[in-house]
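# Need the 3D shape of this:
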Amino acid sequence: MIKKSIKILLVLLLIALLAIQFIRPEKNNLGYESVALFETETKPSENVATILKERCYDCHSNHTQYPWYAEVAPFSLWLKDHIDDGKKHFNVSAWSDYSVKKKEHKLEELVEMVEDDEMPLKSYTIIHGNLSEDDKKLLLQWAGLVRLQYKHQLEVSAN
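Next up, the predicted model:
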């Protein structure tokens, strides 16, 4: 009786797994040019631009380089959720829509998240590896300098 119930459960799970393969979430891929304004305005060095491209843009822009497993549900749905959530918090493709104050605040959040090892997410680093200490240092230095520029803009506009 128990073996038969387990078999039925396994068959139902297999059917469900096959059925969800037909659910195709929309891809987040409007092209790399969607980050051009952000990079033009924030002027990352070549090394920082590489870090951003390889470690940040997949979830924080309108341009995602999808891994092979993005074609397999439930991973495809899980990735879409991560990307949507990442873009909700910080989307470099929407940089032109942010006020100077919001840009400064977004970079402040970036600094805090990287310093506290909350970014990149652990679920991301399991497959893609973590930021090296040198990469973290470069990213934090760049973000700190850009934040100072935005703070200066805010001070000038307040006077």
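# going forward, measure contacts and count neighbours with C-alpha atoms only.
OK.
# where do the helices sit along the protein?
Shown for the chain, the helices assigned by DSSP state H span residues 2-19, 36-42, 46-51, 57-60, 75-89, 100-115, 122-128, 133-158.
# Can you say which of the ones you listed is packed in most?
For these, the largest average neighbour count (mean count of other Cα atoms under 10 Å) is found in helix 57-60, namely a mean of 24.
# How far away from the center of its chain is that helix?
Relative to the centre of its chain, helix 57-60 is centred 3 Å away, using Cα atoms, centre = their mean, to the nearest Å.
# So which elements touch it?
helix 75-89 (3 or more Cα pairs under 8 Å, 6 or more residues apart in numbering; DSSP states H and E).
# Which secondary structure elements does the helix it packs on sit against?
helix 57-60.
# Give me the contact list for the helix it packs on.
Applying Cα atoms under 8 Å, 6 or more residues apart in numbering, the external contacts of helix 57-60 come out as 63-66, 82-84, 86-87, 90-93.
# Farthest-apart pair in the residues you listed, please.
Maximum pairwise distance among the contacts of helix 57-60 (Cα to Cα): 18.9 Å, between Tyr66 and Phe90.
# looking at this protein, which helix or strand is least sure?
helix 122-128 (a mean of 79; mean pLDDT, DSSP states H and E).
# ok, now how distant is Glu39 from Val114?
Per Cα to Cα, to the nearest Å, Glu39 is found 19 Å from Val114.
# quick revisit: want to throw the helices of the chain into JSON lines with distance to Lys27?
Output for these, formatted as JSON lines (distance: least, Cα to Cα, whole Å):
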{"stretch": "helix 2-19", "distance to Lys27": "19"}
{"stretch": "helix 36-42", "distance to Lys27": "20"}
{"stretch": "helix 46-51", "distance to Lys27": "22"}
{"stretch": "helix 57-60", "distance to Lys27": "11"}
{"stretch": "helix 75-89", "distance to Lys27": "8"}
{"stretch": "helix 100-115", "distance to Lys27": "24"}
{"stretch": "helix 122-128", "distance to Lys27": "18"}
{"stretch": "helix 133-158", "distance to Lys27": "27"}
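# Done for today, thanks.
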